[in-house]
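**Student:** Here is a sequence with its predicted model. Questions after.
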Amino acid sequence: MPVSSVPPNPSIKAAFLAWFIPGLGHIYQKRYGKGVLYFVCIVGLFVWGAILGEGKIVYWRWVNPMSRPDDFRLTYICQFFVGLPALPALIQGTLRYLDLSPILWGWMDVPSQNVINGMYARLGKVVDISVLYTQLAGLANVFAICDAYAGPAAASAGASKPATAAVAKEAKA
């Protein structure tokens with residue numbers, strides 16, 4: 001039986017779609033089950049983390065990390081990879097940096113330090129857990145983006161056995 005291998009077919013468009021809305025790149029590749037699974041898990045984890053943090057834990061500040069390391073928002077870098085759900089924070093941070101008024105009723109705008117301190121006093125460790133959930137959602141989407149970029153592992157459901165299994169079978173014969 002001839003061995004067929006599936007050539008890699010990297011897709012930048014699928015990777016971008018997977019970043020923009022988690023799972024969309026897989027749906028674009030007609031891998032519907034995987035796309036829905038990624039969307040539900042990643043967006044669900046992100047939304048649950050945002051709810052636990054009362055909607056105030058996803059935000060971005062435009063600051064120089066060398067001159068103001070305490071104000072630099074390193075956690076948003078992970079949250080950013082969730083894509084569209086985290087983009088309002090980048091927009092709000094940019095508007096604040098440009099001294100413009102926030103949009104979307106201030107949703108994902110930079111909270112004051114008093115608000116953050118009040119959350120820690122009221123919620124305790126739940127604030128840290130909510131930040132962790134939103135970061136993990138972004139990092140999980142990095143894996144989904146890589147998977148969408150690489151494309152499916154097999155050409156179709158009826159593809160032949162992998163090359164390693166065929167080689168092992170021939171070696172025994």
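**Tutor:** Structure's in. What do you need?

**Student:** hey, which helix is longest across the protein?
**Tutor:** helix 125-150 (DSSP state H).

**Student:** Let me see the mean pLDDT of that helix.
**Tutor:** The average pLDDT for helix 125-150 rounds to 94.

**Student:** so what secondary structure elements neighbour it?
**Tutor:** helix 12-20, helix 24-28, helix 32-38, helix 44-52, helix 75-80 (3 or more CB pairs under 8 Å, 6 or more residues apart in numbering; DSSP states H and E). To be clear about C-beta, it is placed using only N, CA and C from the backbone, and glycine gets the same treatment.

**Student:** just checking, what packs against the last one?
**Tutor:** In this case it means helix 75-80. Under the contact definition 3+ CB pairs under 8 Å, 6+ apart, helix 75-80 sits against helix 87-97, helix 125-150.

**Student:** Out of those, which is the most enclosed?
**Tutor:** Neighbour counts (mean count of other CB atoms under 10 Å) averaged over each of the helices and strands packed on helix 75-80 peak at helix 125-150, with a mean of 19.

**Student:** relative to helix 12-20, how tilted is that helix?
**Tutor:** Here the directions of helix 125-150 and helix 12-20 differ by 170 degrees (axes from the mean of the first three to the mean of the last three CA atoms, to 10 degrees).

**Student:** quick one: helix 125-150 to chain centroid distance?
**Tutor:** Averaging C-alpha positions (CA atoms, centre = their mean, to the nearest Å) puts helix 125-150 5 Å from its chain's average.

**Student:** Can you add distance to T134 and mean neighbour count and give the helices and strands packed on helix 125-150 back as JSON lines?
**Tutor:** Formatted as JSON lines, these follow (distance: least, CB to CB, whole Å; neighbours: other CB atoms under 10 Å):
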{"stretch": "helix 12-20", "distance to T134": "16", "mean neighbour count": "19"}
{"stretch": "helix 24-28", "distance to T134": "19", "mean neighbour count": "22"}
{"stretch": "helix 32-38", "distance to T134": "16", "mean neighbour count": "16"}
{"stretch": "helix 44-52", "distance to T134": "4", "mean neighbour count": "18"}
{"stretch": "helix 75-80", "distance to T134": "5", "mean neighbour count": "20"}
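
**Student:** Can you lay out the ones you listed as CSV showing mean pLDDT and distance to R61?
**Tutor:** Shown next, in CSV, are these (pLDDT from 0 to 100; distance: least, CB to CB, whole Å):
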stretch, mean pLDDT, distance to R61
helix 12-20, 94, 22
helix 24-28, 94, 29
helix 32-38, 95, 29
helix 44-52, 95, 18
helix 75-80, 91, 8
